[in-house]
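Visitor: based on what follows, work out the 3D shape:
(one chain, ligands or ions: 1)
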Amino acid sequence: MRHTWLAILTGIAACFLAVLPSNAFPTPQAKTKIAANHDALSVRVVAYKIEAALDPAKHTIKATETLTYHNLTGQPQQTFPFHLYLNAFQPHSTWVNEAHRDRPDDEWKPEHFGSIVIDHLAVTGMGDVTNKMQFIHPDDDNADDRTVMQVTLPKPIPPGADVQFTITFTDKLPEVVARTGYLRDFYMVGQWFPKIGVWWKGGWNCHQFHASTEFFADFGTFDVQLTLPQNEIVGAGGDLVSSANNPDGTKTLAFHSEDVHDFSWAASPSFRVVEDSWTGSAGTVQIHLLMSPGNMKTAPRYLQAQKGSLKLYDDWIGPYPYDRITIVDPPHGGIEAGGMEYPTLFTADTAWLMPKGVLLPENVVVHEFGHQYWYGMVATNEFEEAWLDEGINTYMEAKIMDAMYGRDTSVFRSRFATLGELEDQRAGIVVPGYLGRPDTDPITRFGWRFYNDSAYGSVTYSKTSLVLRTLEKIIGEDTMRRALHTYFLRYRFTHPTGEDFLKTIEEVSGKDLRWFFDQAIYGTNILDYEILDAQSELLNPEKSRDAKSSPPPDIYRTTVDVHRKGDFILPVEVQIKFDDGKTILEHWDGRDRWARYTYDRSAQLVSAEIDPEHKVLLDLNLYNNSYRARGDRRASRKLSNIWMFVAEWFAQLLAWFT
Ligand SMILES: [Zn+2]
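Guide: Predicted coordinates for the structure are as follows:
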């Protein structure tokens, strides 16, 4: 998901600009093809068959789900947990409580409520087990939370055997909130069916739905039949297998998807479909773009960002193995559905009259497509280790945005000011920045246990990205890329852990990096180096003045004191420049709290700077990193651009006040 404030700003802008669209676009037949037969890419633990019917008048879905679960847990299983995500949108749910705690001013309207009710549950060979269901609360003691249900069967399922659940359920969709729901004639249907938990690390992993957490599920196949009015244009996370009109004015579309762990879909009679394709190392990828009314001007921008991401991911990380990607452009006012990822489908974000210099549409596409790798294929536990999807993805987002749109202009560009991703991730102009909440929580904290929503965003997205960018400077850009490539190839279609990721980096780099990981990943230490003092003094001034013939050159004693203000220890370079043009580069291990460098030279100090190549993106305060001698016309601080200054200043101010 895109954890951004810009989406909110865009939404506000869109509200001012929006006039409700009234036109309906024609309904072209989706041009998809069935994935070529190939060996399974994943261990297919689940096989879902869902027959669902949408009632647009009531905003409900009635469905029957047949889930075949392969018991690969290595032991008998009698109790199975299921996520019922839509019940998060119920009064007093854990999700609502947490959202209200973090955003007390948010208005929670009755139309935001949604639910999922299991009407009937049966198990093949065991019959009706509806009354064996109970709601559980593995994360808190909130008895009102109904986002996890578990069912205990009359007898256990042996290891290696299959169990088949047949579940009849009814969804009541909310008006679009937190990724899901309807808005006028638009439907974004995600997290909408009972989804079984993951057997992981010797136990069931099936967390409640929290305000700041996302998802975790096993790989498998999905065969989904959707029945809905014939004028609906549908995008889904699967290949369209068949489409048939029914006598009652509805149609039934059948989709198939494999080696994925979720299935979502969007529908609207107002979508305008743009088809394109891209060919990479794994073949041709069909790009289905479903544009909402009034947004067509953004379509070429979406497509450019999509193709650029496909290419750079293919070049740097690995192949995209699916034959399609579907981009859903939410309608005006639908930003709550924007910027969200599902396997082979994601939602984008724009606004009417979106200026070319605001790279929000590009940014969201690059981010959400990145999730096809970090979440879609490398399917980490988003509840417990969100940094592995959001953090790695945000690091990659910055790399790709920088490569495509320029390092200093990848967020915003105008004649008067620019903003790049890295500055933004530090200062938090449009995303929760690292400087805003640098030390309340370690990166590895479970998603719902962060100090608050802002800390979760700041640390999980921005800090992780800056940690990886700083690490890249330590081990080298090529090595970092090889490490990510190796990690992807080794762990795609599995559920790796943070340690799997870190060990891969150590293995590929051939370096023991525990000292860095312990501080940056597992710790909360602040990293802040400063020039504490720097000066040049004339040595023996009397003698120098009295010298009559061929006086010896004046000798100055220059001292530069560097200080480690925070507890984060990182070796840094210190660059000292003299007025005779000489430059000295010192390497300080940073272990002590301070160090003094002394030089007796016939030249005076011009400047001293810690980390002159700006490798250490985790340094909390960059202003105290440099000293320039007074009177030097170059004494003004080096600013890559005016935004850097404004951003850092504003972030510091925010940090003091919050
Ligand atoms: Zn994300």
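Visitor: leaving out chain neighbours, which residue sits closest to L72?
Guide: Once flanking residues are discounted, L72 sits nearest to V45: 6.0 Å by C-beta to C-beta, 6 or more residues apart in numbering. Heads up, the C-betas are built off the backbone N, CA and C, glycines and all.
Visitor: phi, psi for the one you found please.
Guide: With angles defined as degrees, to the nearest 10, V45 sits at phi -80, psi -30.
Visitor: could you do the one 5 residues further on as well?
Guide: Recorded main-chain torsions at I50 are phi -130, psi 130, according to degrees, to the nearest 10.
Visitor: buried ones in stretch 592-599?
Guide: For stretch 592-599, the neighbour count (16 or more other C-beta atoms under 10 Å) marks A595, Y597, Y599 as buried.
Visitor: roughly how far out does that stretch sit from the chain middle?
Guide: Stretch 592-599 sits 40 Å away from the centroid of its parent chain (C-alpha atoms, centre = their mean, to the nearest Å).
Visitor: got it, and stretch 88-98?
Guide: The chain centroid and the centroid of stretch 88-98 are separated by 23 Å under C-alpha atoms, centre = their mean.
Visitor: can you pull the buried residues of it?
Guide: With burial defined by 16+ other C-beta under 10 Å, the residues of stretch 88-98 counted as buried are A88, F89, Q90, S93, T94, W95, V96, N97, E98.
Visitor: what about those, which are in helices?
Guide: Mapping the buried residues of stretch 88-98 onto helices (DSSP state H) picks out T94, W95, V96, N97, E98.
Visitor: now, among the residues you listed, which is nearest to H256?
Guide: Nearest to H256 among those is W95, at 31.3 Å by C-beta to C-beta.
Visitor: what's the spacing between the closest one and the ion?
Guide: Per C-beta to the ion, to the nearest Å, W95 is found 18 Å from the ion.
Visitor: likewise P552?
Guide: In terms of C-beta to the ion, P552 sits 65 Å off from the ion.
Visitor: secondary structure element holding that residue?
Guide: Secondary structure assignment for P552, by DSSP states H and E: no helix or strand.
Visitor: enumerate the residues of the stretch 351-500 of the chain near the ion.
Guide: Within the stretch 351-500 of the chain, the residues that sit near the ion (C-beta under 5 Å from the ion) are E390.
Visitor: please enumerate the strands of the stretch 351-500 of the chain.
Guide: With strands called from DSSP state E, counting those that start in this stretch, the stretch 351-500 of the chain shows them at 412-413, 418-419.
Visitor: parallel or antiparallel, list what pairs with the last one.
Guide: By that I understand strand 418-419. Strands that pair with strand 418-419, judged by DSSP bridges, come out as strand 412-413 (antiparallel).
Visitor: would TSV of the buried residues of stretch 88-98 with distance to T250 be doable?
Guide: Output for these, formatted as TSV (distance: C-beta to C-beta, whole Å):
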residue	distance to T250
A88	29
F89	26
Q90	29
S93	32
T94	36
W95	32
V96	34
N97	39
E98	38
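Visitor: which one of those residues is nearest G181?
Guide: Comparing the buried residues of stretch 88-98 against G181 with C-beta to C-beta places F89 closest, at 8.2 Å.
Visitor: need the phi and psi values for the residue of the stretch 501-650 of the chain at minimum distance from the ion.
Guide: As assessed by C-beta to the ion, the ion sits closest to F501 within the stretch 501-650 of the chain, at 16.5 Å. Backbone torsions for F501, taken as degrees, to the nearest 10, come to phi -70, psi -50.
Visitor: I'd like to know how far it sits from K399.
Guide: In this view, F501 and K399 are 17 Å apart by C-beta to C-beta, to the nearest Å.
Visitor: same thing with P361?
Guide: 19 Å.
Visitor: still on that earlier bit, between F501 and K399, who's got more neighbours?
Guide: More neighbours surround K399 than the other of F501 and K399, with 25 against 22 (other C-beta atoms under 10 Å).
Visitor: gap between that one and S458?
Guide: Taking C-beta to C-beta, one finds K399 at 20 Å from S458.
Visitor: same thing with I196?
Guide: Counting by C-beta to C-beta - I196 and S458 are separated by 33 Å.
Visitor: looking at the two, which is more packed in?
Guide: Set I196 next to S458 and count neighbours by other C-beta under 10 Å: S458 wins out with 27 against 21.
Visitor: hmm, back to that, just the closest of the buried residues of stretch 88-98 to L54, please.
Guide: F89 (17.7 Å).
Visitor: quick check: closest non-adjacent residue to that closest one.
Guide: Per C-beta to C-beta, 6+ apart, closest to F89 is G114, 3.9 Å.
Visitor: pretty sure that neighbour is touching L86, no?
Guide: Yes: G114 sits in contact with L86 when judged by C-beta atoms under 8 Å, with a separation of 4.8 Å.
Visitor: shared neighbours of the two, anything?
Guide: D171, K172, L173, P174, T180 (C-beta atoms under 8 Å, 6 or more residues apart in numbering).
Visitor: and the residue of the stretch 301-450 of the chain closest to the ion?
Guide: Nearest residue of the stretch 301-450 of the chain to the ion, counting by C-beta to the ion: E390, 4.7 Å away.
Visitor: what do you get for the stretch 151-300 of the chain?
Guide: In the stretch 151-300 of the chain, no residue comes nearer to the ion than E214, which is 8.1 Å away by C-beta to the ion.
Visitor: dump the residue contacts of the residue lying closest to that residue once chain neighbours are set aside.
Guide: Once flanking residues are discounted, E214 sits nearest to E382: 3.8 Å by C-beta to C-beta, 6+ apart. Counting by C-beta under 8 Å, 6+ apart, E382 makes contact with T213, E214, F215, F216, Y375, D389, E390, G447.
Visitor: need those in TSV (columns: neighbour count).
Guide: Formatted as TSV, the contacts of E382 follow (neighbours: other C-beta atoms under 10 Å):
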residue	neighbour count
T213	23
E214	20
F215	21
F216	25
Y375	27
D389	26
E390	31
G447	21
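Visitor: can you add pLDDT and give those back as a markdown table?
Guide: A markdown table is the format used below for those (pLDDT from 0 to 100):
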| residue | pLDDT |
| --- | --- |
| T213 | 93 |
| E214 | 94 |
| F215 | 96 |
| F216 | 97 |
| Y375 | 98 |
| D389 | 97 |
| E390 | 97 |
| G447 | 95 |
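Visitor: my guess is S309 is in a helix, correct?
Guide: Yes: counting by DSSP: H, G, I helix; E, B strand; the rest coil, S309 falls inside a helix.
Visitor: I figured it hits H367, correct?
Guide: No: using C-beta under 8 Å, S309 makes no contact with H367, being 9.1 Å away.
Visitor: and for D589, the neighbour number?
Guide: D589 has 10 nearby residues by other C-beta under 10 Å.
Visitor: I'd like the distance between the closest residue to it other than its chain neighbours and K615.
Guide: Counting by C-beta to C-beta, 6+ apart, D589 lies nearest to P571, which is 5.0 Å off, once chain neighbours are set aside. Separation of P571 from K615 (C-beta to C-beta): 10 Å.
Visitor: before we move on, back to that, can you name the residues that contact the residue of the stretch 501-650 of the chain closest to the ion?
Guide: Applying C-beta under 8 Å, 6+ apart, we find F501 in contact with L388, I392, Y487.
Visitor: return the set of residues that bridge with the nearest residue to the second one once chain neighbours are set aside.
Guide: It stands for I392. Nearest non-adjacent residue to I392, counting by C-beta to C-beta, 6+ apart: W374, 4.9 Å away. Going by DSSP bridges, W374 is paired in beta bridges with V378.
Visitor: pretty sure W374 is touching E385, no?
Guide: No: using C-beta under 8 Å, W374 makes no contact with E385, being 11.1 Å away.
Visitor: now L226: how far from A236?
Guide: 7 Å.
Visitor: pick out whichever of these two has more residues nearby.
Guide: Between L226 and A236, counting by other C-beta under 10 Å, A236 is the more crowded of the two (28 against 24).
Visitor: show me what contacts the more buried one?
Guide: V224, L226, L253, F255, F263, S264, W265, A266, T326, L345.
Visitor: show me what from the chain comes close to the ion.
Guide: Near the ion, when you scan the chain using C-beta under 5 Å from the ion, you find M1, E390.
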